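Undergrad: I'd like to go over a predicted model; first the sequence, then the structure.
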Amino acid sequence: MLKKILNLKVVGTTSMWSRGQIVIPKEIRDKLWLQAWDNMVVLMKDDKYIWLVKNDNIWDLMKYITSEWAVVPWK
């Protein structure tokens, strides 16, 4: 149900290195046109989930979240 509501899908996996760095898989970097030194916003929900959002797309994400969460059945 949550997958349908938020339209989430697993697109890859990654690991965190000892210095706290995370590598974003190449397929995702290419698809999102991510480049070295692009700024990203890190969002956290319920101290469990994080989302990385390219700064250029933050308002699109906020619109998406508010429109999708308006129909969440458990609220």
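TA: Ah, there it is. Numbers count the residues shown, from 1 in each chain.
Undergrad: element containing the spatially most central residue of the chain?
TA: Taking Cα atoms, centre = their mean, the centroid of the chain lies closest to W51, which sits 3.3 Å from it. Following DSSP states H and E, one finds W51 within strand 49-54.
Undergrad: how far off strand 49-54 does the following helix or strand past that strand point, in degrees?
TA: Toward the C-terminus, strand 49-54 is succeeded by helix 58-69 as the next helix or strand (DSSP H and E). Going by axes from the mean of the first three to the mean of the last three Cα atoms, to 10 degrees, helix 58-69 is angled at 140 degrees with respect to strand 49-54.
Undergrad: Grab the CA positions of helix 58-69 and hand them over as CSV.
TA: Extracted in CSV, the C-alpha atoms of helix 58-69 (Å, rounded to 0.1, in the frame of the first residue of the first chain):
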residue,chain,number,x,y,z
ILE,A,58,13.2,20.6,-3.6
TRP,A,59,10.0,22.5,-4.4
ASP,A,60,8.9,19.8,-6.8
LEU,A,61,9.4,17.2,-4.0
MET,A,62,7.5,19.3,-1.5
LYS,A,63,4.5,19.6,-3.8
TYR,A,64,4.6,15.9,-4.4
ILE,A,65,4.8,15.1,-0.7
THR,A,66,1.9,17.3,0.2
SER,A,67,-0.3,16.1,-2.6
GLU,A,68,0.4,12.4,-1.9
TRP,A,69,0.2,12.6,1.9
